[in-house]
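Asks: next come a sequence and a model predicted from it.
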Amino acid sequence: MFEWLNRFTGTGMTAYITHPACFGHNMGEGHPESPERLLAIKEKLIELKLFDLLQEVEADEVTDIQLSRVHPPRYLRYLESVSPNTGTYRVDTDTAMNSGTITAMRYAAGAVVKAVDMVMRGKAPNAFCAVRPPGHHAESEKAMGFCFINNIAIGAMHAIAEYHLQRILIVDFDVHHGNGTDEIFKDDDRIMLISSFQHPFFPYSGDKALGKNPNIVNIPMPSGTKGLEFREMVAENWLPRIEAFRPELIMISAGFDAHIEDGMGNFGLVEADYTWVTQHLLRQAQLHCQGRLVSALEGGYDTDPLARSVAAHIQVLAEA
């Protein structure tokens with residue numbers, strides 16, 4: 001029925017998907033999850049002439065049906081009810097909404113949905129979603145950790161609903177555990193989540209009942225983990241599980257706050273490590289799912305190392 005999905009008919013260029021609305025979300029002066037993050041990424045891609053290798057695509061707004069596959073309507077009504085007309089409203093101590101947040105989050109999730117559509121329909125070989133707010137801490141009915149709705153989860157459920165996929169791999173290499181994605185998919189064997197993260201560290205989860213849910217692979221790693229230890233962990237833990245799972249689509253919660261220069265964590269990764277891990281994930285996509293890979297921005301808060309790391313990540317995708 002879906003033989004056409006295997007035929008690539010697009011431009012051959014990685015899709016870079018974003019929307020101006022993502023700049024409208026602002027949690028206040030000095031907050032690390034700032035609009036400047038997206039600006040720094042685009043400026044670095046232009047500086048390195050990587051933007052010439054991409055097709056820039058404007059996201060569509062996520063639909064209520066697409067949202068409801070992950071977040072119940074009562075939760076979405078709650079977010080709308082506390083959305084301020086002026087100033088900010090804090091949903092927790094470090095997560096706030098302004099008047100642009102609802103629109104931004106709908107386009108951020110819509111970007112991942114669009115990325116899935118483009119990759120599955122052969123309009124792009126792979127895609128990177130330059131979006132904010134991020135999503136991997138958002139649980140089905142809880143906003144936290146700068147996140148309101150779970151962008152990557154919404155994209156994965158769209159792939160299941162629209163393309164009948166049965167094996168979707170989500171890899172989360174943010175320095176923080178992807179607790180929201182874990183909570184949403186802990187009982188769904190159509191999804192394999194691999195999340196490596198600094199522990200003990202916010203959100204202080206992912207270390208309990210390791211192995212209880214076979215589709216959830218949480219790998220806590222100690223403060224101070226450097227690139228060599230990270231690469232060894234990927235080779236020993238990620239790759240065998242990916243090869244056994246044989247995913248039909250690979251999705252990445254791409255957080256870059258494990259960089260040694262990012263003050264939000266205490267890992268020691270550098271751009272070469274992001275290049276290396278992206279190469280290995282892309283290779284798995286080429287082996288198992290015709291190269292289909294969708295990546296979405298999560299963390300990364302010091303704008304200079306963030307921009308350099310995203311550029312390293314995208315360069316691998318664009319040169320595939």
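Replies: Noted; the coordinates are in hand. Note that the structure is a prediction, hence the values are computed from the model and not measured.

Asks: going forward, measure contacts between C-alpha atoms and count neighbours the same way
Replies: Fine.

Asks: contact partners for the closest residue in space to Gly24 that isn't next to it in sequence?
Replies: Nearest residue to Gly24, sequence neighbours excluded (CA to CA, 6 or more residues apart in numbering): Gly100, at 4.8 Å. Going by CA atoms under 8 Å, 6 or more residues apart in numbering, Gly100 touches 21, 24-26.

Asks: go with 10 Å
Replies: By CA atoms under 10 Å, 6 or more residues apart in numbering, the residues touching Gly100 are 21-27, 83-86, 88.

Asks: could you identify the buried members of those residues?
Replies: Buried members of the contacts of Gly100, counted by 16 or more other CA atoms under 10 Å: 21-27, 83-84, 88.

Asks: I'd like those as a markdown table, with secondary structure and pLDDT appended.
Replies: Shown next, in a markdown table, are these (DSSP: H, G, I helix; E, B strand; the rest coil; pLDDT from 0 to 100):
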| residue | secondary structure | pLDDT |
| --- | --- | --- |
| Ala21 | helix | 98 |
| Cys22 | helix | 98 |
| Phe23 | helix | 98 |
| Gly24 | coil | 98 |
| His25 | coil | 98 |
| Asn26 | coil | 98 |
| Met27 | coil | 97 |
| Ser83 | coil | 98 |
| Pro84 | coil | 98 |
| Thr88 | coil | 97 |
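
Asks: of the residues you listed, closest to Met157?
Replies: Using CA to CA, Cys22 is the member of the buried ones among the contacts of Gly100 that lies nearest Met157, at 21.9 Å.

Asks: distance of the closest one from Arg37?
Replies: 10 Å (CA to CA, to the nearest Å).

Asks: the strands in this protein, which residues?
Replies: Along the chain, counting by DSSP state E, strands occupy 14-18, 54-58, 89-92, 95-97, 126-129, 168-172, 191-198, 216-221, 249-254, 293-297.

Asks: I'd like the ones you listed laid out as TSV, including mean neighbour count.
Replies: Converted to TSV, the strands of the chain look like this (neighbours: other CA atoms under 10 Å):
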stretch	mean neighbour count
strand 14-18	27
strand 54-58	18
strand 89-92	15
strand 95-97	23
strand 126-129	29
strand 168-172	24
strand 191-198	25
strand 216-221	21
strand 249-254	26
strand 293-297	29
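
Asks: appreciated, that's everything.
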